[in-house]
Each structure stands twice: as structure tokens, then as C-alpha cells.
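A.B. asks: coords below, sequence missing:
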């Protein structure tokens, strides 16, 4: 049987006949103080990110460029941060320091400006195993390189990705959820998630993503009714109507001459609670469990029709938002194989569809990433990621930034993680990471955190970037797991601290940094909690 959260129970109680003794539990401080659920949403983009396009490049106002301090490929055109962070050679800065009318960078543009105080930009997260194009690396399964690009890490054992650790944790889901997770994608139905399906020691398998919005809608909503018997597609005023019904029922009860003084007092207390809820629904943007319309079936394809790509992503965002708002699931992954971006003619501003192929076919998103040194290819690649930032990431932030009734928004109580399969120029060092939300206050947002040891040894440079040691990506995995409420005993394996492989086999230490501090591999990222 589906469990009903406190919030959904209050919404649905209008259709039930409630006994007066139950009123006290509804109105009690304990019930009102029940914590809002935490949610994890993961977005993955593909191939490389471009350093000067992704990160701030501002100087002045107390900031210098790396070029002013360093030479060679350390002089990468980006801003040098100067505030100490969490011990070690790490630095930080308020994201608001870099805000302009055009955003904080060419990719992280103006659509994100309203959310800068809720974002965390992280630089310097390194995959330790030798990884090529892959599926599950950003979530901890480094042994997941694509068939077209095998890698040394494929020899490592497959492990659950962290979303699946959460999906089967009784701490994350205290009751049986409607669905443990939702995976969506365009173009490729292999998800970025790997799971043993909650059977410890069982085989770990790659999961499938929904590429047809109708399939995702059916997973989340088919056959579901709102508590109280009102169908979920009853319209956007459902919440208000249910509260009105509760109020009217209890006004009639309050005026009943047979009601004792004690019971009348209980009813008055409950009416006050309902009135408060009504006021929240009437004023401002508030949490609303509103079902999106059932979409038409839009078959999966490898085409790059602009209208098809836009339509599918809008539908997926509708479904994801509603699934989280209605507490149908608390885990979503989004694999972005298709996006819009500029075309090959720099004088033509018309957006076109782009598809990420495994084999780096010419003209595809992957092919552009391999066209090193070509300014036009770099312009197109930056434009694709800029579109993702504004049309997927920012829109999801906007839809979730609504009052949850606990002084926070759904976004505040959640964590949206936009990661990449690799870092700059197809190298799995300094893999980009942008977070939104704070997981209910676990993370202190509004900052740019840089974990690169800029004064340390540099190794080799490649297209405006230098391999230089940062911090193990494993510590981001630990941070997310703990932010979602888990303890190390809930996820650590074989007596080893942290999560995810720390193997550097195949890395020549004269070419790659391998001397990471493994004594802290099980700790959250330095200074991320403020």
C-alpha cells in the first residue's frame, strides 16, 4: 500500500470522516515539525566541458586571473580565488561576486542569476580510476565505460551508483515509496544508474531510462488517485478545494450543539491550522501537487529535430517536477544525450538539435568535442551546454523553488547535481560540478569552491587546461550520501572508508597525480558545510 506523507495527508483529509480525537495529533507541534523529505536529482551531460566557458573569467574587484600569477597551462584565463576554504590549498568565493547581466560565465548564464544564493559551483573533482566515456562515473560506478570507448576502469567491479544506495535505504525512504526512482533520457535508453535492486551481494546491473515521456508519466501517475478520492487530474485548484472542504466540514462540527466544550476547543485549534494552510495556498507560490496532462506517445529516436527535442524536455520537466511535488519519488536522474545549440554558421543564431553519439561521428555533439582547436566547434559546444544551463537546469530550479511550508522551498530541501562524464578535453580530472539546493541545510550554498592545488605540481597541458591535482571525486559521493541522511555504516563496503574505487592502476605517476590523501577519502568535501 502506498504511504502518505504528512503533507499529502493534510491535503487529502477533506475527503475523509475524521474523529475528533485525531485532531490533536494533526495540530500538534510534533506533527507540524515533521521534516520535509529530501530529494536527489542528477543531470548528466556528455563529453568535455570548456574551462574558459564554464568557469568565471572575471578580474578586478579583488580578483585576478590565473594568468596574472601562473604561467604555462595554469594560465587558463579563469579567475583565481583568494579566500581560504576548509584547510589545505583550497579556496572559495561568493558566487554573487561574479554576477553580471550575462551570468557568471558564458555557459552559466543569466537564467541562473536568480538562484546564485542557492548554487554551489565546484572545481577540482578528480576521477581516480582511468576512465573514458562512461555512464555511471559521476554517481560512483567508474566501471561503466561505453562500448565504443572501453577503459582500464572496466576491470573494476560494478557497484551501486549512489542514487541506488539511497533508493533502497530505509533512512532515505522510511516507508515504501510509489516508485524508488525515475530515470529519463533522450536518444539513449541506458541509464546512468547501476543497481543490485536492494539485494546485497546480488548482481549489479545497468538500469534503463525512460525515453518516451508517456512511459515516464505512466510510471509516476497511471492509476493514482489523490487521497480523499479526487483524481489527480482534477486541476490546479485541487489543493485549495480540499482545504476548503476540510474547513467547511469542521465549521459544521463546531456549531453542533451536542459538541462538548473540550471537543469544541480541539475543533477550534484545528480550524486555525486549516485557515493557516488556506492562507499559504492563497498567497504566493506554494507547493502544489498538480498532475501534468497525460502526454502523447513520443517514440525514442536519434533524430535532431528541434521541435521534438524541445517538446520532450518540456514534458520530462513537467513529469519530474510533479513526481517530486507529489512525493511519487524522491530520486530522479536525467541523461542529456540531446540538446539544442548553435549551428555551424556563426552568423546564424538559429538553434539546432544536437545528439551525442558514442563514436564521435562528424558533426555530432561528440564529434564537436573531438574537434580540438577549432574555434567554431568550441563555440557550438559552449552553446549546447549554455542551453542545458538555461533550459533544463535553471527551469528545474525555478519549478522547485516553491514554499514547502517549513520555511524552506522544495529546492532548499533537495539537491540537484549537474555533472559531466569527464572534465576538460576528455580528461577525467577536474570534472565539472554544479549543485542547486542545500539538502535541507546540509550544504552552505551560494559559493564557488575550488579544490585544485594551484601551487602544486602540474603534469601535462592539453587545449587550455593543465592536469594538476584536485580532490577525489569520491568525497563528493560521500557528501551527497551524508547530505541525504545516511551514515558511513549505511554505504561503506568491505571495511573501506568512503565510496567508489580509489584505484589509480594504469596511471603513470610521472604523468598523472596519484598521491591523494586517502586518509580523508571517507570525509565530506572540505568546507562545503560552511
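C.D. replies: Arrived safely. Being a predicted model, the structure only gives us computed values, none of them experimental.

A.B. asks: Look at residue 320 and give its secondary structure.
C.D. replies: Under DSSP: H, G, I helix; E, B strand; the rest coil, residue 320 falls in the helix class.

A.B. asks: Which pLDDT value goes with it?
C.D. replies: Listed pLDDT for residue 320 reads 98.

A.B. asks: count of residues packed around it?
C.D. replies: Neighbour count of residue 320, defined by other CB atoms under 10 Å: 23. All C-beta atoms are positioned from the backbone trio N, CA, C, and that covers glycine.

A.B. asks: again, but for the one 4 residues further on
C.D. replies: Here the number of neighbours of residue 324 (other CB under 10 Å) works out to 25.

A.B. asks: wait, isn't it in contact with residue 404?
C.D. replies: No. The criterion here is CB atoms under 8 Å, and residue 324 misses it with residue 404 at 10.9 Å.

A.B. asks: so what's in contact with those two at the same time?
C.D. replies: The contact sets of residue 324 and residue 404 overlap at residue 410 (CB atoms under 8 Å, 6 or more residues apart in numbering).

A.B. asks: For the nearest residue to residue 125 once chain neighbours are set aside, the count of nearby residues, please.
C.D. replies: In space, and not counting its chain neighbours, residue 125 is closest to residue 473: 4.4 Å by CB to CB, 6 or more residues apart in numbering. Counted with other CB under 10 Å, the burial measure for residue 473 works out to 28 neighbours.

A.B. asks: Just to check, residue 473 is in contact with residue 129?
C.D. replies: No. If you go by CB under 8 Å, residue 473 and residue 129 don't touch, sitting 9.8 Å apart.

A.B. asks: where are the low-confidence patches of this structure?
C.D. replies: The model of the chain has pLDDT under 70 over residues 1-34, 225-252, 254, 262, 264-288.

A.B. asks: Quote the end-to-end distance of stretch 133-148.
C.D. replies: In stretch 133-148, first residue to last residue: 8 Å (CA to CA, to the nearest Å).

A.B. asks: Just checking the distance from that stretch to the centre of its chain.
C.D. replies: 18 Å (CA atoms, centre = their mean, to the nearest Å).

A.B. asks: Nearest residue to residue 338 in space, please, no chain neighbours.
C.D. replies: residue 186 (4.0 Å).

A.B. asks: ditto for residue 435
C.D. replies: Going by CB to CB, 6+ apart, residue 435 has residue 120 as its nearest residue, at 4.2 Å.

A.B. asks: So in terms of bridging, what pairs with that neighbour?
C.D. replies: Taking DSSP bridges, one finds residue 435, residue 447 as the beta-bridge partners of residue 120.

A.B. asks: Spit out the contact partners of it.
C.D. replies: Shown in contact with residue 120 (CB under 8 Å, 6+ apart): 434, 435, 436, 443, 444, 445, 446, 447, 448, 449, 528.

A.B. asks: Which two among the residues you listed are spaced furthest apart?
C.D. replies: 434 and 444 (15.3 Å; CB to CB).

A.B. asks: Please say which of those two ends up with more neighbours.
C.D. replies: Each of residue 434 and residue 444 has its neighbours counted (other CB under 10 Å); residue 434 has more, 20 against 14.

A.B. asks: Relative to residue 396, how far out is the more buried one?
C.D. replies: 12 Å (CB to CB, to the nearest Å).

A.B. asks: and what of residue 316?
C.D. replies: To residue 396, residue 316 is 10 Å away according to CB to CB.

A.B. asks: Thanks a lot, see you next time.
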